[in-house]
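> Structure for the following, please:
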Amino acid sequence: MSFTGNLQTVTFPDLLQLFSAGKKTGTVNIIRGNIRKEIVFKEGNIISATSQDAEEDYLGQILLKTGRLTKTDLQRAIYMHKTSGKRIGQVLVEMKLLSREELGLFLKQQVEEVIYNLFSWKEGEFIFKEGQLPATREGLVDLNTMNIIMEGTRRIDEWVEIQKVLPNDHQILRVVASPQVKSDEVTISLDEFRVITQIDGTRTLQEILAQSPLGDFATSRAIYKLMLAKLVEVSGAKEVEVADPREEDSLFWLLLRVYAASFTTIQRTLEKKLGTENEKLQITLANFRKGIWAYFNGVNHADFPTNFEALKRAIGKTPKETRTLKLISGLNQILEEQLAYVYNYLGIEIRKQVAADIKKEVALPLAERREIDKKYDVGNELYRILKEVKVTKEVL
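Residues are numbered from 1 along each chain as shown. Down below sits the predicted model:
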């Protein structure tokens, strides 16, 4: 038995509660953009958790964070790991950088961090496969799921308080030259020491987060405590160039409306013809829900404003010189791939019907933003893709 869903409708703590109360055994994959996390349950308890493309979850980053490993040692271990094909933990033990007992403790900590970082996720697709367990027993743990829920919830509450103190994205942080403290000695944690060395009076919060090896939560918490202790303060803000924001907003609005309608039409057709319980179809759709498509999937009138703001924030992180080209070309590539799936598995007639349905759905938003459409050639490029028939060798 397997089932799928989205964290927008079933929160991550509720998902854990479901597996714990039902004493479930199996594996759940949770996907958001390029990040994929896998958690394995046995009779309701967590025995494993892994992560792909989430650097803060990596074992090496945890060892750096705790000061147990230097960057040089980690680089050597990663090189041996890649050349030998052995697990990074096994390499660290063979290089005598960790004992087997230490490795076990750090692997447990890694599993916990993979899970705790999921508590801040408000969206993401999940697929649960009942009965699926790892092929090997190496690196397995035994964590009480209810205890994990309690600690994760506590961290979220702490995060709310942290956010109240942190500066905005463009404010520069500096170390206070003459801190007003009650004694001659100042005690800070290892995390706070690592973060304060990143604060040089020229970097913003976002730049410090990008440089820090600790992950966003640990770094933000350290800055929060340093600011409360009046050891770190805001010193001005960086100027941010905004080139014609109304035009960019209008373009993002149009793209969200047009491609959300297109992707929803394709998904609805595939599920109607192949069945919503088709496991391979759900995996295929989950693979599409990576990167930018996560902001376009299943958008309706109620959640459109939320998705619009989320899309603006995500695209705003890319260089302004290339963001428009990247966004439009990326969306067109996704659309071509999805239409190829429709053609491969449902035939040319259904492919034509889907193209016709999409044209009906996008006609109104293209008309409402006619000037933006003409300037960026959104409609013509989309119609070209709808007309061309391409195939893919992938199978469901």
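
> Next up, the contacts around S220.
159, 162, 166, 209 (CB atoms under 8 Å, 6 or more residues apart in numbering). Backbone N, C-alpha and C define where each C-beta goes, glycine included.

> Mark out where each domain of this structure begins and ends.
2-159, 166-237, 245-387 (automatic domain parsing).

> would CSV of these with mean pLDDT be doable?
Formatted as CSV, the domains of the chain follow (pLDDT from 0 to 100):
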stretch, mean pLDDT
domain 2-159, 85
domain 166-237, 84
domain 245-387, 81
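
> returning to what we had before: what subset of the contacts of S220 is buried?
Buried by 16 or more other CB atoms under 10 Å: 159, 162, 166, 209, out of the contacts of S220.

> Find the residue closest to the second one in space, skipping its chain neighbours.
Put plainly, it is I162. Y224 (4.4 Å; CB to CB, 6 or more residues apart in numbering).

> Please state the offset of the helix or strand where that neighbour lies from the chain centre?
Using DSSP states H and E, Y224 sits within helix 216-228. Taking CA atoms, centre = their mean, to the nearest Å, one finds the center of helix 216-228 at 21 Å from the center of the full chain.

> Flag every buried residue along that helix.
Buried-residue list, helix 216-228, by 16+ other CB under 10 Å: 217-227.

> again with stretch 83-91
87-91.

> What is the nearest of those to L254?
I88 (45.3 Å; CB to CB).

> so who does the closest residue to E233 other than its chain neighbours touch?
Nearest non-adjacent residue to E233, counting by CB to CB, 6+ apart: V176, 5.4 Å away. With contact taken as CB under 8 Å, 6+ apart, V176 is in contact with 230-233.

> those strands in the stretch 51-200 of the chain, which residues are they?
Per DSSP state E, counting those that start in this stretch, the stretch 51-200 of the chain has strands spanning 125-130, 171-175. These are given in chain order.

> Which one of those lies nearest to T276?
strand 125-130 (12.9 Å).

> Strand partners (parallel or antiparallel) of the closest one?
Its sheet considered, strand 125-130 pairs with strand 2-6 (antiparallel), strand 26-32 (antiparallel) by DSSP bridges.

> returning to what we had before: so which of the buried ones among the contacts of S220 sit within helices?
159, 162, 209 (DSSP state H).

> Would you reformat the strands of the stretch 51-200 of the chain as JSON lines and include mean neighbour count and distance to L105?
Converted to JSON lines, the strands of the stretch 51-200 of the chain look like this (neighbours: other CB atoms under 10 Å; distance: least, CB to CB, whole Å):
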{"stretch": "strand 125-130", "mean neighbour count": "19", "distance to L105": "29"}
{"stretch": "strand 171-175", "mean neighbour count": "18", "distance to L105": "33"}
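
> Any chance of TSV for those strands, columns distance to T187?
Shown next, in TSV, are the strands of the stretch 51-200 of the chain (distance: least, CB to CB, whole Å):
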stretch	distance to T187
strand 125-130	42
strand 171-175	16
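
> To I115, which of those strands lies closest?
strand 125-130 (13.2 Å).

> Distance-wise, check Q333 relative to A340.
11 Å (CB to CB, to the nearest Å).

> quick one, which of those two is more surrounded?
Remark: of Q333 and A340, A340 carries more neighbours, 18 against 11, as counted by other CB atoms under 10 Å.

> Can you point out the buried residues in whichever strand or helix holds that one?
Secondary structure assigned from DSSP H and E places A340 in helix 323-346. Using 16+ other CB under 10 Å as the test for burial, helix 323-346 gives 323-324, 327-328, 331-332, 334-335, 338-346.

> Spatially, which residue comes closest to I31, not counting chain neighbours?
Closest residue in space to I31, ignoring its immediate chain neighbours: E125 at 4.9 Å, by CB to CB, 6+ apart.

> mind listing what that neighbour touches?
Per CB under 8 Å, 6+ apart, neighbours of E125: 4-7, 30-32, 285-286, 289.

> Tell me where the stretch 201-350 of the chain has helices.
205-211, 216-228, 245-274, 279-288, 304-316, 323-346, 348-368 (DSSP state H, counting those that start in this stretch).

> The third one versus helix 323-346: what angle between them?
Yep, that's helix 245-274 we're talking about. 10 degrees (axes from the mean of the first three to the mean of the last three CA atoms, to 10 degrees).

> For helix 245-274, buried residues please.
248, 250-267, 269-270, 274.

> Check the last one too.
Within helix 348-368, the residues scored as buried using 16+ other CB under 10 Å are 350-351, 354-355, 357-359, 361-362, 365-366.

> nearest to F308, of these?
For these, the nearest to F308 is P365 (12.6 Å; CB to CB).

> Return the distance of the closest one relative to Y259.
Taken as CB to CB, the span from P365 to Y259 is 10 Å.

> same check, this time on T318
Counting by CB to CB - T318 and Y259 are separated by 17 Å.

> before we move on, what about K82?
37 Å.

> Now do stretch 378-388: distance to the chain's middle.
A distance of 30 Å separates the centroid of the chain from that of stretch 378-388, by CA atoms, centre = their mean.
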